[in-house]
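Need a 3D model of the sequence below.
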Amino acid sequence: MNVSHRLVIFIALFITCLITANVIAVKIISLGPFFLPAAIFIFPLSYIIGDVLTEVYGYRLARRVIWLGFLCNLVFVFFVWLGQMLPAAPFWEGQEAYQRILGYAPRLLAASFLGYLVGEFANSFILARMKIMTRGRWLWSRTIGSTIVGQGLDTSIFITVAFIGTPSFMPIMILYHWLAKTLIEALATPLTYVIVNSMKKREAIDTYDYDTRFNPFVISN
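Modelled structure (predicted):
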């Protein structure tokens with residue numbers, strides 16, 4: 001497959017969403033009676049882009065992009081940690097703020113990475129399988145259905161691993177986050193239709209994963 005500039009743009013947007021979500025998730029926002037991380041609005045965008053990649057290019061390419069996003073996140077976290085460990089200049093007064101915003105606890109990182117991998121792979125797998133089952137019809141059912149499962153797994157794993165056993169753990173948080181992310185995906189369905197149809201036409205490709213091995217650890221197939 002030739003790599004088009006459109007595909008490069010989508011991969012870049014996908015990775016940008018992931019890294020941005022990691023940074024802004026530390027801020028908790030208030031939406032009426034609900035308290036949610038600021039990343040609640042950008043993280044679903046990565047799922048929408050993932051849906052486009054799987055729908056147009058297939059699970060094989062989406063699998064590579066998911067692992068690429070994971071690798072880029074690791075690089076980002078490593079250099080953030082390195083920046084934190086390096087001695088601050090005597091006149092610089094931002095060390096405490098740097099650590100507060102970017103100083104990720106190992107438990108939170110593990111929860112984030114695990115939730116990301118399970119959620120993204122589940123989302124891509126379900127969308128690819130449903131595309132075969134529906135013979136390419138009813139795109140809305142695939143994007144929303146895969147998001148319900150993918151976001152559900154991602155949110156459940158992250159909140160449970162990150163907060164269980166601490167005073168911050170509230171199971172109702174899982175429901176709030178899951179519903180909010182799924183609602184954003186559902187509202188974005190018309191936009192997803194426009195992007196998918198445009199990409200299929202411009203790229204002259206519409207992949208069905210009939211012979212694909214869905215093992216997430218098989219990169220070459």
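
Now Gly103: closest residue in space that isn't a chain neighbour?
Excluding the flanking residues, the one nearest Gly103 by CB to CB, 6 or more residues apart in numbering is Gln84, at 5.7 Å. In short, each C-beta sits where N, CA and C put it, glycine included.

who's in contact with the one you found?
98-99, 102-103 (CB atoms under 8 Å, 6 or more residues apart in numbering).

what's the distance between it and Ala110?
Going from Gln84 to Ala110 by CB to CB, to the nearest Å gives 18 Å.

do Gly58 as well
30 Å.

Only alpha carbons, please: show stretch 205-220 as PDB.
Output in PDB follows, covering the C-alpha atoms of stretch 205-220 (Å, rounded to 0.1, in the frame of the first residue of the first chain):
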ATOM      1  CA  ILE A 205      -9.800   1.900  -1.200                       C
ATOM      2  CA  ASP A 206     -12.400   0.100   1.000                       C
ATOM      3  CA  THR A 207     -10.800  -2.700   3.000                       C
ATOM      4  CA  TYR A 208     -12.600  -5.800   4.200                       C
ATOM      5  CA  ASP A 209     -10.600  -8.000   6.700                       C
ATOM      6  CA  TYR A 210     -11.700 -11.400   5.400                       C
ATOM      7  CA  ASP A 211      -8.200 -13.000   5.700                       C
ATOM      8  CA  THR A 212      -6.800 -10.900   8.500                       C
ATOM      9  CA  ARG A 213      -5.300 -12.400  11.600                       C
ATOM     10  CA  PHE A 214      -6.800 -10.300  14.400                       C
ATOM     11  CA  ASN A 215      -4.000 -11.100  16.900                       C
ATOM     12  CA  PRO A 216      -3.000  -7.600  18.200                       C
ATOM     13  CA  PHE A 217       0.600  -8.800  18.500                       C
ATOM     14  CA  VAL A 218       1.000  -9.900  14.900                       C
ATOM     15  CA  ILE A 219       2.300  -6.800  13.200                       C
ATOM     16  CA  SER A 220       3.500  -8.200   9.900                       C
END
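
residues in contact with it?
Contacts with stretch 205-220, where a contact means CB under 8 Å, 6+ apart, come from 1, 56-61, 63-64, 66-67, 117, 121, 125, 128-129, 131-132, 136, 200, 221.

same question, stretch 126-140
Contact with stretch 126-140 is made by 51, 54-55, 58-59, 62, 141-143, 145-146, 149-150, 189, 192-193, 196, 206, 208-210, 212, 214, as judged by CB under 8 Å, 6+ apart.

again, only this time at 10 Å
Stretch 126-140 is contacted by residues 47, 50-51, 53-55, 58-60, 62-63, 141-150, 186, 189-190, 192-193, 196-197, 206-210, 212, 214 when judged by CB atoms under 10 Å, 6 or more residues apart in numbering.
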